[in-house]
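Chemist: based on what follows, work out the 3D shape:
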Amino acid sequence: MNKVILLLICFLPQFLFAKQISISGKIQDAKTSQLDLVYLKNELSSEPTIFRVNLNGDNEFNINLDVGDIEFVNMIHGDDSAELYIGGHASEQMELSFVDGAMLGSLHFEGRNAEANRFLTYYHRSYNKGGTKLTKYSKANFTLYVNSEVERQAKGYDIRDYFEYRGREFKYKMDYMRQTTGISGAFREVMEKRIKWGYELEKIAYFLFNEDKFEANTLRSYWTKYQLMDGIDLNDGKSLKYAVYRNLLTAFIHYLILESPGDERQMDFAYYRFINGNLMGRSKDFLLAKLMMENNQNGNPRIAHEKYKGFKRENTYPTYATILEDLFGANLEYVPQIIVPDFECLGEDGSTVKLSHYTNKVVYISFWASWCGPCIKSMRETLAIRQQLESEGVVFININLDDDEATWRKTLQRHTFNGVNVFGTELTAFNKVIRVSALPHYSLVDKNGRLDFISTPDLNESVEELRAVLKR
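Modeler: As a prediction, this is how the structure comes out:
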């Protein structure tokens, strides 16, 4: 099981590039007749790609494979594994040998990247003493993996000892890297980055694994004291092909959530907001796609149901939308149909207004309050399109959530809101399903009483989507 988890964190994505690798070798005293090369096809892959080759009668093997824009792969034989560097060139030829059961201690390389791979083997043998077992950290189905030895130290050391130890390890690694000769500039550059990203990930991991020890309002001071994410470019889209960088971005968002904890029932949406508000470009789009994908895979499709269409429109990296669409279906048909519970509200004329009064109608519900400036602004700015859609058959119900009826009626005297204006009185059953936790909030109900979604609450932008719901 640990090997499988390792694969998800150590390998790099394949995009629209072609790279031919040729690896040949021999295994001494081989007890297993198969050898695997493992990598991820793309950044959002949830399952590794495994290329398996059989040894011949002399325990030799030969691999020829197109791996795309891959720089590192993992080689697995029996219980042994090692990371191989195959980057820097459009094609790679490598010869290697090792003894079964002692891969890291006996690997021998020949070929263009031999020096880089000798360094990499020694590096892992020297600085990965805790082995390759990984610990999963997840909140809101948003997951990262950290070496289990880091978790053990984070939980067992006090904060000063932990950071002193991690700081020394970082210095040793960087000194060793810089003192090594005979390796290419490209390999040196990426290794220095990986070491730095790993160090910053280890620093944040202390707070994630000890979150119960820190008050949320103290975390900002620790951020400054320990210089978390110091010198890290959060929006370096090119570095997303490195698993440690992807894990670092994920850890960064987890830390921000620790600083501002919210309603546990709405954590998926909180993560979506924090990613949107703190990242840009490809880094942002990747993490948003990852959040929707992982929630869907873990039985919570609602974040994708509400956010995917908007993401698809705004995302500037078509690969991500294509991958999600393969998983979700173009119209999110995978999402279970949610029947919207009935509710009772007080109408302007004193009558009782229920959702069930509008059976077989498309109903657009706007939740608002007198103190919510964006609510009032939105309804004013969409007045014309609301009127047009009303004439086409859409019912607009504007539910006020002020504390008292008098405030609601007074506000209606100052503003014109077309549609059915009501004061919320009995929304208990509705709230258990829809969970109105912030204003403004909009819910779309189709003709069959099921919850539907459009990609944005701005009707001026989503009018055609709403008309499509009318036609169904």
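
Chemist: the closest residue to Leu383 other than its chain neighbours: how many residues sit nearby?
Modeler: Excluding the flanking residues, the one nearest Leu383 by Cβ to Cβ, 6 or more residues apart in numbering is Asn418, at 6.2 Å. Every residue, glycine included, has its C-beta placed from N, CA and C. Asn418 has 15 neighbours, counted by other Cβ atoms under 10 Å.

Chemist: quick one: pLDDT of Arg380?
Modeler: As predicted, Arg380 sits at a pLDDT of 89.

Chemist: my read: it touches Asn418, true?
Modeler: No: Arg380 is not in contact with Asn418 according to Cβ atoms under 8 Å; the separation is 10.5 Å.

Chemist: buried stuff in the host helix or strand of Ser97?
Modeler: For Ser97, the host element (DSSP states H and E) is strand 91-99. For strand 91-99, a neighbour-count test (16 or more other Cβ atoms under 10 Å) marks 92-94, 96-98 as buried.

Chemist: quick check: domain ranges of the protein?
Modeler: As assigned by automatic domain parsing, the chain contains the domains 2-132, 137-261, 344-471.

Chemist: got JSON lines for the ones you listed, with distance to Tyr320 too?
Modeler: Shown next, in JSON lines, are the domains of the chain (distance: least, Cβ to Cβ, whole Å):
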{"stretch": "domain 2-132", "distance to Tyr320": "7"}
{"stretch": "domain 137-261", "distance to Tyr320": "10"}
{"stretch": "domain 344-471", "distance to Tyr320": "16"}
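
Chemist: which one of those domains lies nearest to Lys312?
Modeler: domain 344-471 (7.6 Å; Cβ to Cβ).

Chemist: end to end, how far does the closest one reach?
Modeler: Using Cα to Cα, to the nearest Å, the end-to-end distance of domain 344-471 comes out at 27 Å.

Chemist: again, but for stretch 346-364
Modeler: 17 Å.

Chemist: my read is the residue nearest to Leu383 is in a helix, agree?
Modeler: No: assessed with DSSP: H, G, I helix; E, B strand; the rest coil, Asn418 is coil; it does not lie in a helix.

Chemist: ok, so what distance separates it from Ala186?
Modeler: Using Cβ to Cβ, to the nearest Å, we find Asn418 at a distance of 62 Å from Ala186.

Chemist: while we're on the nearest residue to Ser24 once chain neighbours are set aside, how confident is the model there?
Modeler: Closest residue in space to Ser24, ignoring its immediate chain neighbours: Asn62 at 4.5 Å, by Cβ to Cβ, 6+ apart. With respect to pLDDT, Asn62 has a value of 94.

Chemist: which residues sit in contact with Asn62?
Modeler: 22-24, 53 (Cβ atoms under 8 Å, 6 or more residues apart in numbering).

Chemist: and Lys41, what are its phi and psi?
Modeler: phi -70, psi -30 (degrees, to the nearest 10).

Chemist: residues contacting the residue minimising distance to the centre of the chain?
Modeler: Note on the chain: the residue nearest the mean C-alpha position is Lys290, at 3.0 Å, using Cα atoms, centre = their mean. Applying Cβ under 8 Å, 6+ apart to Lys290 gives the contacts 44, 142, 250.

Chemist: and the strands in the stretch 251-400 of the chain?
Modeler: Taking DSSP state E, counting those that start in this stretch as the criterion, the stretch 251-400 of the chain contains strands spanning 344-347, 352-354, 362-368, 394-400.

Chemist: my error: substitute the stretch 1-150 of the chain in the last question.
Modeler: 20-28, 34-39, 49-54, 60-66, 72-77, 80-85, 91-99, 108-111, 134-139, 142-147.

Chemist: now these as JSON lines including distance to Gly182?
Modeler: Formatted as JSON lines, those follow (distance: least, Cβ to Cβ, whole Å):
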{"stretch": "strand 20-28", "distance to Gly182": "21"}
{"stretch": "strand 34-39", "distance to Gly182": "25"}
{"stretch": "strand 49-54", "distance to Gly182": "29"}
{"stretch": "strand 60-66", "distance to Gly182": "25"}
{"stretch": "strand 72-77", "distance to Gly182": "19"}
{"stretch": "strand 80-85", "distance to Gly182": "13"}
{"stretch": "strand 91-99", "distance to Gly182": "16"}
{"stretch": "strand 108-111", "distance to Gly182": "12"}
{"stretch": "strand 134-139", "distance to Gly182": "31"}
{"stretch": "strand 142-147", "distance to Gly182": "28"}
